[in-house]
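Participant: next comes the sequence, and after it the predicted model I'd like to discuss.
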Amino acid sequence: MIIAQLPHLRVELTAREYKNAMASVSLVCSAFRKEGQKGLFRCILYDGSVEADAPILGARAFWHSLLREGDGNAQRLAAYVRECTLLCGPTDYSEHDVWVTDIMATLASFHQVETVNMEYMHVDGRLLAILAGMPLLHTVTLDGCLSLHSESTIVTPPPGRSSWTHITLRGSYLSHLWAEFFRKVVDVDRLESLYVDDWVVCDRLFQEAIFPSLKKFGIFVQGVHYVLPQLISVLRRIPMVEQLSLHLHQPSSRQLHLQPLSLQLLPHVRHLTTTTTQFASWLLPGRSITSLAITRHDGDVSDEHFQSAIRASQAHIRELSIPLDLVSTLRQHDWPELQTLKIQAPVTPHHPFLRWMDLALPEPIYTVTTLVCQLNLVFQENKGASPQLRSQKAEILDRLVPAFPNAVQCSFGEAIQWRREEAGEWHPRVLSRPRLVEALYKGFEEVEDVDGFLAAFRAANPLCTEYQGYSEPR
């Protein structure tokens with residue numbers, strides 16, 4: 001029974017608590033050792049930055065040497081690895097070569113790895129070739145990576161196709177030489193999720209290919225007017241997509257005239273994220289989209305045109321995420337089934353954002369029951385932020401309730417959720433314990449409490465004990 005609960009601890013505990021807990025479990029007895037070590041070695045991080053923890057690097061080097069020597073215990077621990085993250089490899093080519101050679105030798109022992117993330121490092125073709133040949137690897141992410149921009153780093157991929165089903169290429173500046181590599185490696189028949197912000201790679205992948213299993217697709221395009229016909233061709237090749245993210249950007253100096261999109265395209269899309277109301281108006285008509293996210297207000301499309309597109313949709317929107325300056329355009333008759341509203345806030349997480357705005361809706365929106373105040377992406381590293389409970393409660397009562405009188409829950413960030421009880425009183429609840437621990441541990445100068453909620457949480461969670469900055473109303 002206890003062993004069956006161990007996987008759930010990854011959600012309930014912070015990363016530090018989880019590692020400590022698994023280390024303690026592995027020392028209890030021989031029966032618990034295996035399960036504790038599975039948790040300890042499930043996720044491995046390789047940090048090539050100068051700030052990397054020296055003791056960890058030393059222990060990791062010792063483990064690597066045991067692996068290369070064929071040590072049985074070291075190989076047993078390597079078989080527990082399911083996720084591997086490579087972070088900030090050396091930028092000097094000679095140092096990078098040594099680092100990658102060492103990692104490649106180690107990855108060969110990770111026979112059960114399922115997920116590999118590469119972040120803010122130079123991409124080496126030899127490393128990607130190793131990943132392409134790993135039989136159980138299904139999720140590959142390149143985030144903020146650079147290629148070495150040398151033909152010598154482009155290697156021949158292994159024979160056959162990779163087992164990758166989820167691929168993310170985000171913020172990565174890859175040499176166009178890599179486009180052909182990905183085309184040869186990716187099995188389009190089994191790919192389920194793809195996000196790419198390199199148009200050349202995207203264009204090469206979609207040449208004459210239909211993606212029959214693709215359910216999630218996202219792309220970033222700068223200067224969409226240059227590639228609009230090719231983009232429409234891509235949309236024709238993803239007939240089963242249900243979740244679509246089109247981050248399309250157009251220079252303000254260029255007018256973009258979008259012809260109606262064929263109703264035969266994207267018949268299964270239910271969740272749409274796009275940049276402006278113009279692109280939303282292009283994609284909504286004739287499709288059964290129930291979740292819509294717009295990331296910025298273009299100001300070039302009339303409210304009437306956007307509202308006409310909403311009414312032309314085959315389904316009513318139930319979940320909507322919009323920038324702050326679009327909230328005032330909401331009308332109940334345009335959103336008859338809207339239940340969840342997410343408002344994107346362009347301010348720091350230290351203050352409730354609603355004080356900067358006026359929710360001057362012409363009429364209340366009665367169908368909304370859940371409100372989510374999303375922080376600007378600049379502050380996403382602090383997702384548990386803004387534990388200013390007194391100010392949050394005041395904003396809910398003074399601004400949100402009059403605009404959305406039937407709302408029963410509201411959250412600022414991802415740590416705490418406010419809920420309205422049957423008597424009409426609003427009370428905070430823990431939405432994510434790790435996020436709240438993180439927010440309090442960071443030590444804001446002053447945290448506003450309500451009814452001793454944060455004080456009680458802090459007393460029950462040792463990781464918060466270094467923080468002393470609570471402020472209770474007198």
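Facilitator: On my side now, so go ahead.
Participant: list the backbone torsions phi and psi for residue 416.
Facilitator: phi -130, psi 140 (degrees, to the nearest 10).
Participant: ok, now which ones touch the residue nearest to it when sequence neighbours are not counted?
Facilitator: Spatially, and ignoring its direct neighbours in sequence, residue 416 is nearest to residue 428 (5.1 Å; Cβ to Cβ, 6 or more residues apart in numbering). All C-beta atoms are positioned from the backbone trio N, CA, C, and that covers glycine. With contact set as Cβ atoms under 8 Å, 6 or more residues apart in numbering, residue 428 has these partners: 389, 392, 416-418, 450, 453.
Participant: and the strands in the stretch 201-350 of the chain?
Facilitator: 216-222, 243-249, 271-274, 291-294, 319-323, 340-345 (DSSP state E, counting those that start in this stretch).
Participant: show me which positions of stretch 256-269 end up buried.
Facilitator: Buried residues in stretch 256-269, counting neighbours by 16 or more other Cβ atoms under 10 Å, are found at 261, 265-266, 269.
Participant: how deep is residue 422 tucked in, by neighbour count?
Facilitator: Taking other Cβ atoms under 10 Å as the criterion, the count of residues near residue 422 is 6.
Participant: do the same with residue 292
Facilitator: Per other Cβ under 10 Å, the neighbour tally for residue 292 reads 22.
Participant: helix or strand with the lowest mean pLDDT in the chain?
Facilitator: Using mean pLDDT, DSSP states H and E, strand 470-471 stands out as the lowest-scoring helix or strand of the chain, at a mean of 40.
Participant: what ranges do the helices span in the stretch 301-450 of the chain?
Facilitator: Secondary structure of the stretch 301-450 of the chain (DSSP state H, counting those that start in this stretch): helices at 303-311, 389-395, 401-403, 433-441.
Participant: need the nearest residue in space to residue 114, chain neighbours excluded.
Facilitator: For residue 114, the spatially nearest residue (Cβ to Cβ, 6+ apart) is residue 82, at 5.0 Å.
Participant: so residue 451 sits in a strand?
Facilitator: No. Checked against DSSP: H, G, I helix; E, B strand; the rest coil, residue 451 lies outside a strand; its state is coil.
Participant: for it, which residues are in contact?
Facilitator: Contact analysis of residue 451 by Cβ under 8 Å, 6+ apart lists residue 427.
Participant: wouldn't residue 250 be in contact with residue 225 here?
Facilitator: Yes. Counting by Cβ atoms under 8 Å, residue 225 is a contact partner of residue 250 at 6.2 Å.
Participant: shared neighbours of the two, anything?
Facilitator: Common neighbours of residue 250 and residue 225, counting by Cβ under 8 Å, 6+ apart, are residue 256.
Participant: between the two, which has more neighbouring residues?
Facilitator: Ranked by neighbour count (other Cβ under 10 Å), residue 250 and residue 225 place residue 250 first, with 21 against 14.
Participant: how close does that one sit to residue 201?
Facilitator: Going from residue 250 to residue 201 by Cβ to Cβ, to the nearest Å gives 21 Å.
Participant: how near is residue 281 to residue 292?
Facilitator: 11 Å.
Participant: now stretch 117-130, how far from the centre of its chain.
Facilitator: With Cα atoms, centre = their mean, to the nearest Å as the basis, stretch 117-130 stands 20 Å off its chain's centre.
Participant: average pLDDT across that stretch?
Facilitator: The average pLDDT within stretch 117-130 is 84.
Participant: and what of stretch 67-77?
Facilitator: Per-residue pLDDT over stretch 67-77 has a mean of 81.
Participant: ok, stretch 182-190 next?
Facilitator: Across stretch 182-190, pLDDT averages out at 88.
Participant: list the buried residues for it?
Facilitator: Buried residues in stretch 182-190, counted by 16+ other Cβ under 10 Å: 182-186, 188, 190.
Participant: can you redo those as a markdown table with secondary structure and distance to residue 362?
Facilitator: Listed next are the buried residues of stretch 182-190 as a markdown table, based on DSSP: H, G, I helix; E, B strand; the rest coil; distance: Cβ to Cβ, whole Å:
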| residue | secondary structure | distance to residue 362 |
| --- | --- | --- |
| 182 | helix | 50 |
| 183 | helix | 52 |
| 184 | helix | 56 |
| 185 | helix | 54 |
| 186 | coil | 49 |
| 188 | coil | 48 |
| 190 | coil | 50 |
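Participant: so can I have CSV of the residues you listed showing distance to residue 105?
Facilitator: As requested, the buried residues of stretch 182-190 are arranged in CSV below (distance: Cβ to Cβ, whole Å):
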residue, distance to residue 105
182, 24
183, 28
184, 24
185, 21
186, 25
188, 31
190, 29
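Participant: wait, which of these is closest to residue 236?
Facilitator: Nearest to residue 236, judged by Cβ to Cβ, of the buried residues of stretch 182-190 is residue 188 at 13.9 Å.
Participant: the closest one touches residue 204, doesn't it?
Facilitator: No. Contact between residue 188 and residue 204 fails when scored by Cβ under 8 Å: they sit 11.6 Å apart.
Participant: in which helix or strand does the residue lying closest to residue 68 once chain neighbours are set aside reside?
Facilitator: Leaving out its chain neighbours, the residue that sits closest to residue 68 by Cβ to Cβ, 6+ apart is residue 105, at 6.1 Å. In this structure, residue 105 is located in helix 93-107 according to DSSP states H and E.
Participant: next helix or strand past that helix?
Facilitator: Per DSSP H and E, the first helix or strand lying C-terminal to helix 93-107 is strand 115-119.
Participant: and that next one, which strands flank it?
Facilitator: Partner strands and pairing direction for strand 115-119 (DSSP bridges) are strand 83-87 (parallel), strand 139-143 (parallel).
Participant: out of those, nearest to residue 334?
Facilitator: Of the strands paired with strand 115-119, the one closest to residue 334 (Cβ to Cβ) turns out to be strand 139-143, at 36.9 Å.
Participant: good, we can wrap up now.
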